[in-house]
Structures are given as C-alpha cells and as structure tokens.
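> I'd like to go over a predicted model; first the sequence, then the structure.
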Amino acid sequence: MGLLTILKKMKHKEREMRLLMLGLDNAGKTTILKKFNGEDVSTISPTLGFNIKTLEHKGFKLNIWDVGGQKSLRSYWRNYFESTDGLVWVVDSADRLRLEDCRQELSSLLQEERLSGATLLVFANKQDLPGSLNKETIREALGLDDIKTHHWCIIGCSAVTGENLLTGVDWLLDDIAASAVTGENLLTGVDWLLDDNAARVFTAFGCTFNRPHNRRPYVWHHVRQRFADVNIV
Ligand SMILES: Nc1nc2c(ncn2[C@@H]2O[C@H](COP(=O)(O)OP(=O)(O)OP(=O)(O)O)[C@@H](O)[C@H]2O)c(=O)[nH]1
Ligand SMILES: [Mg+2]
C-alpha cells in the first residue's frame, strides 16, 4: 500500500472524533451535552448508564459519550476508554467538599493506558453559581500543573448559561486535529508501521523485539488509531 493511500485514509479518519465526558455525579456532564446540542436543560436526571450524541461541529463528526458519575458506576467507565481522542473532565466548581475525590478520580484516569493518547479538557462548570471556585483554584486543587503525560486545558464554564462551552470544545478539537497531522506524527506513523511489522517478523522467528518507549504516548495512540485498518504485510 502506497504512502498516498495511507495519508488519504488518515485524512478521512481525522474528520471523526470520539470524546468521552466523565466526572463525579452532579458535575453537569449531561447538562453540558444537551446545552451544546441546543436542547432544553431544565429537566435533567442523573445518568444511570450513558448518553451518546453524534454532532457535526466545525466540519468534524463528534461522537460524544456522557457516562454516569455516581460512585457505584465509576468502575464501568473503563468500558468507554477505547479510541478516545478527547477526555472532557467536568467539575462542579461549587462542590468544595468533593474536590479531593475529584482529583483522585482524574489522577487514576490519567494513568489508564487506553487514555494515554487523549487530550484533556477540564470544564470548571457551574461558574454561574455564587460561591463557585474559579478555574485557577480548581486547577490547583486538581494538581493540573503536574500533568506531563497529556495535553490539557482548563476552562471555566456554565452549562446552564452556555458560557464558554464552545470555547472549550473548540480548543479540544484544535488540539486533537493538530496532534494528528503534524509532520512529526506522519514520520512516527511510518516508523511505527515498520517497527510493528518487524516485531511480527521477529516474533515469528522466535525472537523478542522491544519497541522504543521514548515516543510520546499520544502520538502512539493517534498512530495506532489512524493506521488501525492498514495492513502492509
Ligand atoms: N447552576 C448550575 N447548575 C448546573 C450547571 N450544570 C449542571 N447544573 C445542575 O446540576 C445538576 C446535575 O447536572 P447533570 O447534568 O445531571 O450532572 P451529571 O454530571 O450528568 O451527573 P450524573 O449523570 O449523575 O453523573 C442538575 O440539577 C443541573 O441542572 C451549571 O452550569 N450551573
Ligand atoms: Mg448525567
């Protein structure tokens, strides 16, 4: 298969993105999803399973997954990790008592291998509520500055008024799109294909083959995704 064909496949796949929205219960995930989709947000119940919406935005097809955040449901989050391009972590900025819980949950998500390629957007939601913490305070409380493994950004927003929802989603899409099309990624992609094929050949002959681990995880993730249906053997 020629490089041109591979690049064409990449281009097609880049138009579709999978976003996973997680956070503690009551953070406002479903409200954000509905508001973003132009729906009524006056009657929203806690999510016991998940909601998925497919939207067109800025020429991209977005598959947005919103999964219930109650403690008993969090063990199911892992069922939704696969192929995630963007992780949206929603925080109730007025819920001071559960900030530590919120930090811990986010921290363990970021250690998940299957999310290693995802860009992280933190929505400091409910900024319309008097007494809500501002995004700088949330940033510190969640230890965001210590995150070195993912691209991230925190945005203060309100799902009720709609303030800053677009700004957040636009940043996320720009970041995902940029990390998918840089020349560096193309090169890494081709390298990866060669490494992967070499690994298979070596393994077939009973040899072990160590992949280089010095590449940035998000690049690996995108390369794996973009080339998922390419087989050059
Ligand atoms: N004032 C205010 N209330 C909000 C905002 N976003 C959500 N809410 C309210 O917070 C409550 C919880 O919102 P949900 O969208 O159901 O929260 P969730 O994160 O989906 O919760 P789970 O489905 O249980 O995980 C609802 O009563 C919403 O109306 C916001 O920006 N401002
Ligand atoms: Mg919900």
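Structure's in. What do you need? The structure presented is a predicted model; accordingly, all values stated were derived computationally and were not measured. Ligands and ions are numbered 1, 2, ... in the order given.

> And what about residue 107, helix, strand or coil?
In three-state terms, and counting by DSSP: H, G, I helix; E, B strand; the rest coil, residue 107 is helix.

> Could you report the neighbour count for it?
Residues near residue 107, counting by other Cβ atoms under 10 Å, number 13. C-beta coordinates here come from the backbone N, C-alpha and C atoms, glycine included.

> And residue 163, by the same measure?
Neighbours of residue 163 under the rule other Cβ under 10 Å: 16.

> quick one, what contacts the nearest residue in space to it that is not next to it in sequence?
Excluding its sequence neighbours, the residue lying closest to residue 163 (Cβ to Cβ, 6 or more residues apart in numbering) is residue 157, at 5.7 Å. Listed by Cβ atoms under 8 Å, 6 or more residues apart in numbering, the contact set of residue 157 reads 32, 123-125, 127, 163-165, 167-168.

> and residue 157, what are its phi and psi?
Backbone torsions of residue 157, given as degrees, to the nearest 10, read phi -150, psi 170.

> Can you give me the distance of it to ligand 1?
7 Å (Cβ to the nearest ligand atom, to the nearest Å).

> you'd agree residue 159 is up against residue 165?
Yes. The pair residue 159 and residue 165 passes the contact test of Cβ atoms under 8 Å, sitting 7.0 Å apart.

> wait, does stretch 124-131 contact ligand 2?
No. Judged by Cβ under 5 Å from the ion, stretch 124-131 stays clear of ligand 2, getting no closer than 11.9 Å.

> let's have the chain start at 3 instead
Done: numbering now begins at 3, and the last item shifts to stretch 126-133.

> Dump that stretch to PDB, keeping only the CA atoms.
Taking C-alpha atoms only, stretch 126-133 is exported to PDB below (Å, rounded to 0.1, in the frame of the first residue of the first chain):
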ATOM      1  CA  ALA A 126     -14.800  24.100  35.700                       C
ATOM      2  CA  ASN A 127     -18.500  24.100  35.500                       C
ATOM      3  CA  LYS A 128     -21.300  26.000  37.300                       C
ATOM      4  CA  GLN A 129     -19.400  29.300  37.300                       C
ATOM      5  CA  ASP A 130     -22.800  31.000  37.400                       C
ATOM      6  CA  LEU A 131     -23.300  29.800  41.000                       C
ATOM      7  CA  PRO A 132     -22.400  32.300  43.600                       C
ATOM      8  CA  GLY A 133     -19.500  30.900  45.700                       C
END
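
> What residues sit buried inside it?
126-129 (16 or more other Cβ atoms under 10 Å).
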